[in-house]
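Participant: kindly return the folded structure for what I paste below:
(chains A, B and C)
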Amino acid sequence: MVLKDVPTKLIYERPAVYDPRVTHYCPGCTHGVAHRLVAEVLEEMGEVDNAIGVASVGCSVFIYNYFNIDFVEAPHGRAPAMATGIKRVLPESTVFTYQGDGDLASIGMGEIVGAASRGELISVIFINNANYGMTGGQMAPTTLPGQKTTSSPTGRDVKRQGYPVQTAELLSTLTGSAYVVRRSMHNPREIKRAKKAIRTAFEVQKHGLGFALVELLSTCPTNWKMTPDDARSWVEERMTEFFPLGDYKVSPAVAELKI
Amino acid sequence: MAKELIKGNTAVAEAALRAGLEAYFGYPITPQTELLEHLSARMPELGRPFVQAESELGAINMVYGAACTGKRVMTSSSSPGVSLMMEGLSYIAGTEVPMVLVDVVRGGPGLGNIAPAQGDYNQIVHGGGHGDYRMIVLAPASVQEAVDMTALAFDLAEKYRTITAIMLDGSIGQMMEPAELPPMQPLKKDIPDWAVRGNRDDGDWHLLTSINLDPPAQEVMNLRLMQRWQEIEKNEVRYKGYYLDDAEFVVVGFGTAGRVSLSAVRAAREKGIKVGLLRPITVAPFPDEVLDELAQKVQAFLVVEMNSGQMLEDVRLVVRGRKPVEFFGRMGGVVPFPDEVLTEIERLVKGPLTTEGHPRDRWLPRLAETIG
Amino acid sequence: MPAKGYIEVNELYCKACELCVTDCPFGVLALDMEHLTPKGYHPAHMINPDACTGCGICATVCPDAAITVYRYERKKTEA
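Facilitator: Modelled structure (predicted):
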């Protein structure tokens, strides 16, 4: 099958910064893709030895087991505050948080708005999969109207349970936000665009231009009760309606960055 | 250095700075706001990070992050704000990173008021947040003592990788007294080997987390924390005794209550009453040993606090019913006067006393009568 | 048509999510139903190796970084 007598060139292999551990994520869960993109960006920027990650509470609580870099674990929602503390005392390091819907947009809303409004020089990776994955699929601030979850079993009723929060739009209104964008990971082209955004978010930090956040529409095949591929279609067809992809805040200085 | 007339909050802030405080994260709340305000001017002057966080919740978590880098960090708040910090304190204790907390206590529960109280004793002394942990708690009774405790707080926190709380009654935070501030210390340069630091100079990466999913692993960690607490109990008890050598009766009080009681004890001595005062400086670890010795020789104890009887329980635990323990307290931000305590001392001396029942049950009706 | 590249799937990491199978533009991949990984999944493998161009799309979508991608380096033959 593999031709032995022809010279080959390595095109892609697993990031070196990855730990050999197998992740606990469900098959097809795009957490894995997001992790990989962050790893690739840190490696390409030469920032692996300089990075300090702040893990949050959600399916990604053990992200620190998968990256061989310095990591701290934050209480639920508090990652942006912990990141602030670290970045303020170690301004030369590259500090990032990796948070899910509940962590960032529910319990942690105070902390993320505080960090963004102060223009903290941190990079935030925000995984939006429209439910609380780790705890079994409850309604999240990002759950769509009518969407069935374990705490909205008949579908999200906006009269009783309110409307989803559009985080990228919300944070883009703050002057301290320098780069706030929403991307997706539902096909190879979107994944490549997501990687570019993540790279930009880290470059914004390196150049001291302000707060950077990349919201990534993600799948949750297990709690949505779909196959991984159907879950991607649901992101493309349903989620992008309420969470349009795009650049919500790109400050002039960020626009001038050549990456 | 000369003494200057200085407010407690300001003195603690400046003392912390001089002890090598590297970063401060806080939120305004009366009656400790002067501490934050002083540092908001001084920290930038010295090029050190200062952040007024979005809330006490934000502040304690910023401290948590910065503490993970091994730097000297501190936050301050008052009772309702400290309640917000309980989650963070539990995580910080569970991650075994050092920090200093200043709690300037006010009347409560709830929003309460901004007057001085000692109602946070239970919360602070018994750990506060969820889970099995303790913190070292220092209870100064004067501005000078608060200044002296501040450098000590950082040293103890780092020595034991624990939280040290300086529990100031609102009165100590607000009062102005002559105090001598220590000279400016340089910032420490060494990085502890457990710290996260980004630039990996030792070729290894560091993880700081309080998660231990496997119960036996968590238990090992809990054991370590408790063994460390035993070390602290053995080595770090501090207290002041006044007129204890020949005392037949002993008043026990900390902070402002202890200070007010000292005036009463002196007045009682002038009347010929052989009464002394035990003033714990560390309320955690509690001065069990000296209290136990006293329980063997004196006739009775009077515990005086500005709360409903919180340290009272720790005293009763050590005394174990061997001698009568009576209680006098004012709550809600009311500060007792020395003559009130003197009246209680005289009641104690007159008797009759009992080791039966709970002293609170004898005190509450008297208080009810006093306040109508 | 000779293959322009080839891929390897590390079966330690493959969770049979089939995203690579679906997204491969050339139908190179399928789950190997004759084989189970240590975790009990049927791993992806090349069933149509000649069609592989080494484009790397499979590795781009793989959530578990299980795929290594190679391209053959052939010199252009004289006309």
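
Participant: C-alpha from now on. contacts and neighbour counts both.
Facilitator: Noted.

Participant: quick one, what contacts residue 33?
Facilitator: Just going to use chain A. Residues in contact with A:V33, defined by Cα atoms under 8 Å, 6 or more residues apart in numbering or on different chains, are A:M185, A:I191, C:T60, C:V61, C:C62, C:P63, C:D64, C:A65.

Participant: nope, chain B
Facilitator: B:N9, B:Y27, B:S77.

Participant: can you check B:G70 too?
Facilitator: B:G70 sits next to B:V97, B:P98, B:I191, B:P192, B:W194, B:A195, B:V196 when contact means Cα under 8 Å, 6+ apart.

Participant: buried by neighbour count, from these: which ones?
Facilitator: Among these, those classed as buried by 16 or more other Cα atoms under 10 Å in any protein chain shown are B:V97, B:P98, B:A195, B:V196.

Participant: with distance to A:A231, pLDDT and secondary structure added, can I get those in JSON lines?
Facilitator: Output for the buried ones among the contacts of B:G70, formatted as JSON lines (distance: Cα to Cα, whole Å; pLDDT from 0 to 100; DSSP: H, G, I helix; E, B strand; the rest coil):
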{"residue": "B:V97", "distance to A:A231": "42", "pLDDT": "98", "secondary structure": "coil"}
{"residue": "B:P98", "distance to A:A231": "45", "pLDDT": "98", "secondary structure": "coil"}
{"residue": "B:A195", "distance to A:A231": "40", "pLDDT": "95", "secondary structure": "coil"}
{"residue": "B:V196", "distance to A:A231": "37", "pLDDT": "95", "secondary structure": "coil"}
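
Participant: can you tell me the element A:H35 falls in?
Facilitator: Using DSSP states H and E, A:H35 sits in helix A:31-44.

Participant: that older thread, got the contacts of B:G70 as JSON lines, with distance to B:E231 columns?
Facilitator: Compiled in JSON lines, those are given as follows (distance: Cα to Cα, whole Å):
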{"residue": "B:V97", "distance to B:E231": "17"}
{"residue": "B:P98", "distance to B:E231": "16"}
{"residue": "B:I191", "distance to B:E231": "24"}
{"residue": "B:P192", "distance to B:E231": "20"}
{"residue": "B:W194", "distance to B:E231": "21"}
{"residue": "B:A195", "distance to B:E231": "23"}
{"residue": "B:V196", "distance to B:E231": "26"}
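
Participant: ok, which of the residues you listed also contact chain A?
Facilitator: Applying Cα under 8 Å from any Cα of the partner chain to those, one finds that B:V196 fall near chain A.

Participant: between the contacts of B:G70, which is nearest chain A?
Facilitator: Checking the contacts of B:G70 against chain A with Cα to the nearest Cα, the nearest one is B:V196 at 5.7 Å.

Participant: you'd agree B:E4 is up against B:Q144?
Facilitator: No. Counting by Cα atoms under 8 Å, B:Q144 is not a contact partner of B:E4; they are 10.3 Å apart.

Participant: higher neighbour count, the two?
Facilitator: Remark: of B:E4 and B:Q144, B:Q144 carries more neighbours, 20 against 13, as counted by other Cα atoms under 10 Å in any protein chain shown.

Participant: ok, which stretches of chain B are helices?
Facilitator: Listed in chain order, the helices of chain B (DSSP state H) span residues B:8-18, B:33-45, B:56-67, B:79-95, B:121-125, B:143-160, B:170-174, B:215-235, B:255-270, B:288-297, B:311-319, B:338-350, B:359-371.

Participant: using TSV, lay out these together with mean pLDDT.
Facilitator: Formatted as TSV, the helices of chain B follow (pLDDT from 0 to 100):
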stretch	mean pLDDT
helix B:8-18	98
helix B:33-45	95
helix B:56-67	98
helix B:79-95	96
helix B:121-125	95
helix B:143-160	97
helix B:170-174	97
helix B:215-235	97
helix B:255-270	98
helix B:288-297	98
helix B:311-319	98
helix B:338-350	97
helix B:359-371	96
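
Participant: next one: B:L262 from chain A, what distance?
Facilitator: Per Cα to the nearest Cα, to the nearest Å, B:L262 is found 42 Å from chain A.

Participant: for that residue, give me its contacts.
Facilitator: B:Y242, B:L277.

Participant: nearest to chain B: which residue in the stretch 151-259 of chain A?
Facilitator: Nearest to chain B in the stretch 151-259 of chain A, going by Cα to the nearest Cα, is A:K206, at a distance of 13.6 Å.

Participant: can you count the residues close to C:Y13?
Facilitator: Neighbour count of C:Y13, defined by other Cα under 10 Å: 23.

Participant: that one in helix, strand or coil?
Facilitator: coil (DSSP: H, G, I helix; E, B strand; the rest coil).

Participant: go on, A:A212?
Facilitator: Under the three-state scheme (three-state DSSP), A:A212 adopts strand.

Participant: bridging residues for it?
Facilitator: Beta bridges link A:A212 to A:S123, A:Y179 when assigned by DSSP bridges.

Participant: enumerate every residue touching the residue of the stretch 51-200 of chain B at minimum distance from chain C.
Facilitator: For the stretch 51-200 of chain B, the residue closest to chain C is B:G198, as judged by Cα to the nearest Cα, at 24.6 Å. Going by Cα under 8 Å, 6+ apart, B:G198 touches A:D49, A:N50, A:A51, A:I52, A:I69, A:D70, A:S93, A:T94.

Participant: what is the burial count for the closest residue to it other than its chain neighbours?
Facilitator: If the residues on either side of it in the chain are set aside, B:G198 comes closest to A:N50, at 4.2 Å by Cα to Cα, 6 or more residues apart in numbering or on different chains. Look at A:N50: counted by other Cα under 10 Å, it has 18 neighbours.

Participant: so which of the contacts of A:V33 are in strands?
Facilitator: Under the assignment DSSP state E, these contribute nothing to strands.

Participant: which stretches of the chain have low pLDDT?
Facilitator: I'll assume chain A. A:1 (pLDDT under 70).

Participant: the intended chain is chain C.
Facilitator: For chain C, applying pLDDT under 70 flags the ranges C:1, C:75-79.

Participant: with that, I have no additional questions.
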